[in-house]
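>>> Sequence plus the predicted model coming up.
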Amino acid sequence: MDAIKKIRERARLKPKTIVLPEYNDARVVEASRILEQEGIVKPFLLTPDKISLQEKEKYIQGFYQMRQAKGITLEEVRKLFEDPLYYAAMMTREGKADGLVAGAAHTTSDVGRATIHCFGVDKRFSIACSCFIMVIPNCAYGADGTFVYADCGLIPEPNSRQLACIAIETAELARKILDLSPKVALLSYSTKGSAKGRSVDNIVKALALVKEMSPDLLVDGELQVDAAIVPEVAKIKSPQSPIAGEANVLIFPSLDAGNINYKLTQRLANARAVGPLILGLNKPCSDLSRGCLTEDVVDCAAVTAIRAQ
């Protein structure tokens, strides 16, 4: 059974309520139908008739109380809540839904802003980031062609602590969703000092922090991608590496690198890209690419449900 089928099966074992606020997007509507028909999750397609005006006012006041110290006005909050995304996020915060999936008709920054502000950030890490589950057909690398890529959606130029947190959060997701033993590579244009630069220094510091924060995690860096995923190359470039060219969690040094690589993998290798999955918040949620397919919405909903189990 491939990784996608396993994800859907695991979600089906204990269905959770996942709110879908983009009710007027045909892909989301069809995904909601599939999710319900196949019993993968309990989809809540947030059509206007399902929005309670009383609940909406409660959510507006609650959001205002949370954010007024940041200088937002009640009038500005009411304007935000003209978008069902904010109602859906507050629903999830209040436990009326177990998770949220949006992004087919919103940008990543829109979804990130709403969910970060409504859910709050996990105090263990104090940052939100994102990742993709990449399932590559006919691929001998990673976990039989399955990888997790991060960060591909939120943090443009992560510092060493942010990189360390991204690595740990992404490894946790790989373990929970894919039942993998994560082997984490902090990627670079350098392998173990073969080149110099500020980015390399940042990764070296991040590796030290990961080992301090999560000493049992199997992680290495800085590594070029071939030294990270190809055992034969690892023997030459980094023979002492604990991941030995078998990385299945790839941490990119910047958002440029992560976003470009996931799209290249998706298009050139005909890979399934599930995400962006937003990590580091107090509630599970998934963003979507605006170029997503119906099956992408289904898969993101399934992953979000497993995270809520």
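That came through, no problem. Numbers count the residues shown, from 1 in each chain.
>>> Contact partners for residue 138?
Contact analysis of residue 138 by C-beta atoms under 8 Å, 6 or more residues apart in numbering lists residue 145. All C-beta spots, glycine's among them, are computed from the backbone N, C-alpha and C.
>>> And the pLDDT at the closest residue to residue 209 other than its chain neighbours?
Once flanking residues are discounted, residue 209 sits nearest to residue 164: 3.7 Å by C-beta to C-beta, 6 or more residues apart in numbering. At residue 164, the pLDDT value in this model is 97.
>>> element containing residue 164?
Here residue 164 sits within helix 160-178, counting by DSSP states H and E.
>>> tell me, what residue is most central in the chain?
residue 277 (2.1 Å; C-alpha atoms, centre = their mean).
>>> what pLDDT does the residue lying closest to residue 135 once chain neighbours are set aside get?
Sequence neighbours aside, residue 272 is the residue nearest to residue 135 in space, at 4.3 Å (criterion: C-beta to C-beta, 6+ apart). The model reports residue 272 with a pLDDT of 93.
>>> now the helix holding residue 164: how far from the chain's centre is it?
A distance of 10 Å separates the C-alpha centroid of helix 160-178 from that of its chain, computed with C-alpha atoms, centre = their mean, to the nearest Å.
>>> now stretch 134-141
19 Å.
>>> And that stretch, what's buried?
Neighbour-count burial for stretch 134-141, counted by 16 or more other C-beta atoms under 10 Å, picks out 134-136, 139, 141.
>>> do the same with stretch 112-128
112-119, 122, 125, 127-128.
>>> And stretch 32-45, by the same measure?
Across stretch 32-45, burial judged by 16+ other C-beta under 10 Å covers 32, 34-35, 40-45.
>>> what's the answer for stretch 201-209, then?
With burial defined by 16+ other C-beta under 10 Å, the residues of stretch 201-209 counted as buried are 202-204, 206-207, 209.
>>> Over to stretch 24-32?
Applying a neighbour-count criterion of 16+ other C-beta under 10 Å, one finds 25, 27-29, 31-32 buried in stretch 24-32.
>>> Over to stretch 68-78?
Neighbour counts over stretch 68-78 (16+ other C-beta under 10 Å) mark residue 77 as buried.
>>> so how far does that stretch reach from one end to the other?
Here the two ends of stretch 68-78 are set 13 Å apart, with distance taken as C-alpha to C-alpha, to the nearest Å.
>>> just stretch 136-152 next, same as before
Span of stretch 136-152 from end to end, C-alpha to C-alpha: 17 Å.
>>> Repeat that for stretch 147-156.
OK, stretch 147-156 end separation, C-alpha to C-alpha: 21 Å.
>>> That one - what's its average pLDDT?
The average pLDDT within stretch 147-156 is 94.
>>> Pull out the buried residues from that stretch.
147-155.
>>> Out of these, flag the one nearest to residue 182.
For the buried residues of stretch 147-156, the residue nearest residue 182 by C-beta to C-beta is residue 148; the value is 7.8 Å.
>>> Correct me if wrong, but that closest one is in a helix.
No. Per DSSP: H, G, I helix; E, B strand; the rest coil, residue 148 lies outside any helix segment and is strand.
>>> and it, how far is that from residue 163?
Per C-beta to C-beta, to the nearest Å, residue 148 is found 15 Å from residue 163.
>>> Residue 92 now?
Plainly put, residue 92 is 28 Å away from residue 163 if you go by C-beta to C-beta.
>>> again with residue 278
According to C-beta to C-beta, residue 278 stands 17 Å off from residue 163.
>>> again, but for residue 296
27 Å.
>>> neighbour-wise, which of these two wins?
Ranked by neighbour count (other C-beta atoms under 10 Å), residue 296 and residue 163 place residue 163 first, with 27 against 22.
>>> Phi and psi next, for the nearest residue to residue 115 once chain neighbours are set aside.
The shortest distance from residue 115 to any non-neighbouring residue, by C-beta to C-beta, 6+ apart, is to residue 285 (4.9 Å). Backbone torsions for residue 285, taken as degrees, to the nearest 10, come to phi -160, psi 160.
>>> for residue 285, what are its contacts?
Going by C-beta under 8 Å, 6+ apart, residue 285 touches 89, 92, 99-102, 111, 115, 119, 278, 304.
>>> nearest residue to residue 210 other than its sequence neighbours?
Nearest residue to residue 210, sequence neighbours excluded (C-beta to C-beta, 6+ apart): residue 164, at 4.6 Å.
>>> wait, isn't the one you found in contact with residue 213?
Yes. Residue 164 lies in contact with residue 213 (C-beta atoms under 8 Å); the separation is 6.1 Å.
>>> Could you check which of the two has the larger neighbour count?
Taking neighbours as other C-beta under 10 Å, residue 164 and residue 213 compare with residue 164 leading, 26 against 15.
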